[in-house]
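S.K.: following is a predicted model, sequence given first.
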Amino acid sequence: MNNRSFFVFFMCLILNLSASGQNQLIWKKEVGGAVFSSLVVHGNNLYFGSHDSVLYALDKADGHEVNRFKAGGQIRSAPLVVDSLLIFNSSDGVVSAVGLHDFNVRWTFRTQGEKQYDMWDYFLSSPVTANDLVFVGSGDGFVYALETRSGALKWKFSTGAVVHATPLVAQGKVFIGSFNGFFYALDALDGHLVWSFKTVGDASFPKGEIQKGAAMFNNSVVFGCRDYNIYSLHTTRGTGMWNKKETGSWIVATPLIHDEMAFFGTSDSHRFCVMDAKYGVEKFSYQLNMRVYGEAVVYDKQIFFGCFNGKLYKIDASMELHEVFQTDGSVRNYSTVYDTNGDFKEGFELYGSNMRDSEQKILSLGSLLATPAVDQGVVYLADANGMVYALKLQ
């Protein structure tokens with residue numbers, strides 16, 4: 001190869017590299033705290049809460065701050081956009097509604113108080129809406145139904161344990177799990193119990209705690225559990241359709257149901273799974289090197305999900321796994337946790353005597369716990385270091 005040919009080859013290589021991976025970045029912005037709540041795109045803005053107790057609105061085109069609201073506690077729930085309101089849950093035990101455009105307070109509702117179940121209890125229950133009511137769980141053990149316009153209490157239901165799962169409202173019922181290991185179907189109008197289901201439990205986690213939300217598939221609800229199982233229950237009877245145990249690993253992430261498949265990540269087995277949603281048969285599995293707690297999203301026949309290792313992945317239409325993006329923190333700190341093979345480096349113990357220190361090292365990778373949002377060919381991410389990214393999808 002002569003010098004000119006080598007130069008052309010080299011420049012083509014550089015251009016190809018520049019057209020992929022990190023160089024898909026449109027903008028990035030740092031906010032004042034970790035972001036664990038899911039991101040919401042509405043109109044021209046991106047909305048989310050942060051550990052700095054601020055609800056943010058960023059312009060989705062360039063990331064500049066449009067508005068902010070300072071709450072009384074960490075906002076670890078996704079904001080709900082309804083009737084020109086933004087409604088969210090914060091760690092001070094207050095559900096708040098602010099104006100979508102001016103961020104002025106419209107109403108607040110104070111629960112009996114929030115609590116964190118343990119160090120891996122990263123999320124609060126996110127409000128959802130149906131029939132002019134807002135439904136939300138709380139660390140005080142209650143599930144609440146509030147009037148959308150006023151925040152007035154319509155009904156509440158006690159589970160007796162932390163409720164940080166996001167409600168699923170369908171078929172006139174509110175489906176929600178609790179850290180007591182029960183999954184409930186409540187009447188959406190008055191909150192009376194329609195049925196309940198007790199998870200199996202495990203020797204290590206006998207309560208079978210349910211940490212996040214459920215997904216609907218035909219006449220079943222599908223959800224993960226800390227007893228290592230993923231369950232499918234009949235929506236009318238509350239009886240089991242199927243369940244599958246993930247050896248030695250919680251299933252925290254809310255499943256994404258797409259094309260009759262359930263897509264979800266696992267905790268300590270560090271896998272991402274694709275399962276037949278009707279029969280519970282695993283179809284595909286992808287080995288990662290860290291947990292997935294956030295929900296996957298689908299765009300243009302591709303599945304996107306974030307991982308605690310600070311990487312965004314996609315599964316394409318051919319069911320091939322690809323690494324799409326790596327957060328700044330992951331690029332900077334990856335070698336403090338992993339060796340060159342992507343395994344935990346010698347001396348690093350995830351659950352050793354200094355678990356909290358190890359967890360902080362993992363989070364410093366810019367862990368992606370927040371469920372991403374995809375809009376018009378752009379995916380929006382936020383990480384545990386408070387970095388927010390907008391990436392153009394190819």
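M.R.: In hand now; what should we look at?
S.K.: tell me what the nearest residue to residue 241 once chain neighbours are set aside is bridged to.
M.R.: Residue nearest to residue 241 in three dimensions, not counting chain neighbours: residue 232, with 4.0 Å by C-beta to C-beta, 6 or more residues apart in numbering. (C-beta placed from N, C-alpha, C; glycine too.) Going by DSSP bridges, residue 232 is paired in beta bridges with residue 222, residue 242.
S.K.: quick one: residue 232 from residue 187, how far?
M.R.: Counting by C-beta to C-beta, to the nearest Å, the gap from residue 232 to residue 187 is 22 Å.
S.K.: comparing these two, which residue is more hemmed in?
M.R.: residue 232 (24 against 15; other C-beta atoms under 10 Å).
S.K.: the helix or strand hosting residue 262 - what's its average pLDDT?
M.R.: Take DSSP states H and E as the rule and residue 262 turns out to sit in strand 261-265. For strand 261-265, mean pLDDT rounds to 98.
S.K.: what of stretch 169-176?
M.R.: pLDDT averaged over stretch 169-176 gives 98.
S.K.: buried ones in that stretch?
M.R.: Within stretch 169-176, the residues that count as buried by 16 or more other C-beta atoms under 10 Å are 169-170, 173-176.
S.K.: please apply the same query to stretch 100-108.
M.R.: Applying 16+ other C-beta under 10 Å to stretch 100-108 flags 100, 103, 106-107 as buried.
S.K.: just the endpoints, please. Distance across stretch 157-171?
M.R.: End-to-end distance for stretch 157-171: 18 Å, by C-alpha to C-alpha, to the nearest Å.
S.K.: ok, now stretch 53-68?
M.R.: First-to-last distance for stretch 53-68 - C-alpha to C-alpha - comes to 10 Å.
S.K.: same question for stretch 76-94.
M.R.: Start-to-end, stretch 76-94 (C-alpha to C-alpha) is 12 Å.
S.K.: and that stretch, how far out from the chain middle?
M.R.: Here stretch 76-94 shows a centroid-to-chain-centroid distance of 15 Å under the convention C-alpha atoms, centre = their mean, to the nearest Å.
S.K.: next one: stretch 144-155
M.R.: 25 Å.
S.K.: got it, and stretch 334-342?
M.R.: Distance, centroid of stretch 334-342 to centroid of chain: 25 Å (C-alpha atoms, centre = their mean).
S.K.: doesn't residue 273 make contact with residue 281?
M.R.: No: counting by C-beta atoms under 8 Å, residue 281 does not reach residue 273; the two are 10.9 Å apart.
S.K.: those two - which one has more neighbours?
M.R.: Between residue 281 and residue 273, counting by other C-beta under 10 Å, residue 273 is the more crowded of the two (23 against 10).
S.K.: out of everything not next to it in sequence, what's closest to residue 329?
M.R.: residue 366 (3.0 Å).
S.K.: quick one, what contacts that neighbour?
M.R.: 310, 327-330, 383-385, 387 (C-beta atoms under 8 Å, 6 or more residues apart in numbering).
S.K.: from the residues you listed, which is closest to residue 165?
M.R.: Nearest to residue 165 among those is residue 384, at 20.8 Å by C-beta to C-beta.
S.K.: how many neighbours does that closest one have?
M.R.: Neighbour count for residue 384, taken as other C-beta under 10 Å: 25.
S.K.: cool, and residue 302?
M.R.: Residue 302 has 15 nearby residues by other C-beta under 10 Å.
S.K.: that one contacts residue 313, correct?
M.R.: No: in this structure, residue 302 is not within contact of residue 313 by C-beta under 8 Å, at 10.3 Å.
S.K.: paired strands for whichever strand or helix holds residue 89, with orientation please.
M.R.: Assigning secondary structure by DSSP H and E places residue 89 in strand 85-90. Sheet neighbours of strand 85-90, with direction, are listed as strand 80-82 (antiparallel), strand 94-99 (antiparallel) (DSSP bridges).
S.K.: tell me which of these sits most buried.
M.R.: strand 94-99 (a mean of 21; mean count of other C-beta atoms under 10 Å).
S.K.: list of residues touching that strand?
M.R.: 55, 69, 71-73, 84-90, 104-111, 127, 134, 136, 144, 146, 151.
S.K.: please indicate which of the residues you listed are buried?
M.R.: Buried among the contacts of strand 94-99 (16+ other C-beta under 10 Å): 55, 69, 71, 73, 85-90, 106-107, 109, 111, 127, 134, 136, 144, 146, 151.
S.K.: so which of the residues you listed sit within strands?
M.R.: Judged by DSSP state E, strands contain the following of the buried ones among the contacts of strand 94-99: 55, 69, 85-90, 106-107, 109, 134, 136, 144, 146.
S.K.: measure the closest residue to residue 104 other than its chain neighbours to residue 64 for me?
M.R.: In this structure, residue 104 finds its nearest non-sequential neighbour in residue 98, 6.2 Å apart by C-beta to C-beta, 6+ apart. Between residue 98 and residue 64 the distance is 20 Å, computed by C-beta to C-beta.
S.K.: can you check residue 296 too?
M.R.: In terms of C-beta to C-beta, residue 296 sits 29 Å off from residue 64.
S.K.: and what of residue 246?
M.R.: Counting by C-beta to C-beta, the gap from residue 246 to residue 64 is 42 Å.
S.K.: which one's more surrounded, those two?
M.R.: residue 246 (21 against 9).
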